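**Q** make a model of this:
(one chain, ligands or ions: 1)
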Amino acid sequence: MTVGDVRVATDKLAAGYGKSRVVDDVDLTLPAGEVTVLVGPNGCGKSTLLRTVAGLLPALDGAVHVDGAPLHSLSRRALSQRLAFLPQASHVPAGVTVRELVRHGRYAHRGAFARHTDEDRESIRWALSVTDAEPLADKCLDELSGGERQRAWLATVLAQRTRILLLDEPTTYLDLRHQFDVLDVVRRLAREYHIACGVVLHDLMHAAAYGDRLVVIAEGAVLRSGPPEEVLASDAIERAFGLSVSVVRDPGTGYLTCFPQRPPVAL
Ligand SMILES: Nc1ncnc2c1ncn2[C@@H]1O[C@H](COP(=O)(O)OP(=O)(O)OP(=O)(O)O)[C@@H](O)[C@H]1O
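**A** Below is the predicted model of the structure:
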């Protein structure tokens, strides 16, 4: 398996609820070793699309292929061994510690009643470590701050050790350092482990800095996809957000970043 192998491909996918199509005709690919960032205005369908790719919502039309196999042909367990999904918000179970939660991430690899293997223990340790959640391991989830909880959920998803990661706004609630830490983890997972990462982000600066490819969703469709420099400089941003941005590369850090083309309100 080399960088660039397509792990997820949608073919003219329509996603939505009942008869209502939220996005239509979507051809999305998530290649191994790359971070693909989905951006778009509130309510444009980013979560709906991700949940459909994760098999949590039925496709209204078209198809999703995971590792070349039609999504519907994979059992729930087979899919969980390939693909992990971090939703935008999750129910917080009372009295469950972070370590217990992260252990759940291993269920796809062993039966509910099987004993933990060394591989399970190593995956749990690794997931807690890369998300900086080790100090939280023995605390109850319902006693954590929003950002600490977000790291615990992310660790749970990472412990699943899948080749495909779908993350819906993983930086929500996180302070500045932890936002960059999480995005660094995502990039490392892509580069070092050749994981195909599909990430929803609202912050276009994060998207510019960390995305190998951006996908702009608006008006019920993919408006544009490609390298951040091209996509951010295109009219898709103005169309999607009603605001264009200028793109610059910070000479100090090398980060590509962008600024809204609108001066602050003078008071
Ligand atoms: N369970 C549901 N049943 C019916 N409609 C829904 C449901 N969930 C979301 N929607 C609608 O689907 C549309 C897309 O919602 P979605 O959450 O996918 O958008 P989003 O791009 O992720 O938004 P945000 O940036 O605000 O998180 C919205 O109009 C929303 O009201």
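
**Q** contacting residues for Gly211?
**A** By CB atoms under 8 Å, 6 or more residues apart in numbering, the contact list for Gly211 reads Val35, Thr36, Val37, Val199, Leu201, Pro228. C-betas here are computed from N, CA, C, even on glycine.

**Q** so what's the last one up against?
**A** Put plainly, it is Pro228. Val37, Ala207, Ala208, Gly211, Arg213, Leu214, Val247, Leu256.

**Q** same thing with the second one?
**A** Applying CB under 8 Å, 6+ apart, we find Thr36 in contact with Leu28, Thr29, Leu30, Ala196, Cys197, Gly198, Val199, Gly211, Asp212, Arg213, Leu214, Val215.

**Q** tell me the one among those residues nearest to Glu148.
**A** Using CB to CB, Val199 is the member of the contacts of Thr36 that lies nearest Glu148, at 20.3 Å.

**Q** so how far is the ligand from the residue lying closest to that closest one once chain neighbours are set aside?
**A** Nearest non-adjacent residue to Val199, counting by CB to CB, 6 or more residues apart in numbering: Leu167, 4.7 Å away. Taking CB to the nearest ligand atom, to the nearest Å as the measure, Leu167 falls 13 Å from the ligand.

**Q** wait, a strand at Leu167?
**A** Yes - checked against DSSP: H, G, I helix; E, B strand; the rest coil, Leu167 lies within a strand.

**Q** kindly report the residues of the stretch 1-150 of the chain close to the ligand.
**A** Tyr17, Val22, Gly40, Asn42, Gly43, Cys44, Gly45, Lys46, Ser47, Thr48 (CB under 6 Å from any ligand atom).

**Q** of all these, which two lie farthest apart?
**A** Spatially, the most separated pair among these is Tyr17 and Gly40, at 17.5 Å (CB to CB).

**Q** neighbour-wise, which of these two wins?
**A** Gly40 (22 against 11; other CB atoms under 10 Å).

**Q** phi, psi of the more buried one?
**A** Backbone geometry at Gly40, expressed as degrees, to the nearest 10, gives phi 160, psi 160.

**Q** what's the pLDDT at it?
**A** Gly40 is assigned 97 on the pLDDT scale.

**Q** hang on, the earlier thing: rebuild the residues of the stretch 1-150 of the chain next to the ligand as CSV, extending it with secondary structure.
**A** Converted to CSV, those look like this (three-state DSSP):
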residue, secondary structure
Tyr17, strand
Val22, strand
Gly40, coil
Asn42, coil
Gly43, coil
Cys44, coil
Gly45, coil
Lys46, helix
Ser47, helix
Thr48, helix
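
**Q** how many neighbours does the residue nearest to Asp212 when sequence neighbours are not counted have?
**A** Take Asp212 and drop its neighbours on the chain: the residue closest to it by CB to CB, 6+ apart is Glu34, 4.2 Å away. For Glu34, the number of neighbouring residues by other CB under 10 Å comes to 24.

**Q** from Phe259, how far off is Glu34?
**A** Computed as CB to CB, to the nearest Å, the Glu34 to Phe259 distance reads 25 Å.

**Q** which residue ranges of the stretch 1-150 of the chain form helices?
**A** Shown for the stretch 1-150 of the chain, the helices assigned by DSSP state H, counting those that start in this stretch span residues 46-53, 76-82, 98-104, 118-130, 146-159.

**Q** pipe those helices into TSV and attach mean neighbour count, mean pLDDT and distance to Pro70 per row.
**A** Converted to TSV, these look like this (neighbours: other CB atoms under 10 Å; pLDDT from 0 to 100; distance: least, CB to CB, whole Å):
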stretch	mean neighbour count	mean pLDDT	distance to Pro70
helix 46-53	23	98	13
helix 76-82	15	92	11
helix 98-104	20	91	27
helix 118-130	16	90	28
helix 146-159	23	90	23
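
**Q** still on that earlier bit, mind listing which of the contacts of Thr36 are in strands?
**A** Secondary structure from DSSP state E places Thr29, Leu30, Ala196, Cys197, Gly198, Val199, Arg213, Leu214, Val215 of the contacts of Thr36 in strands.
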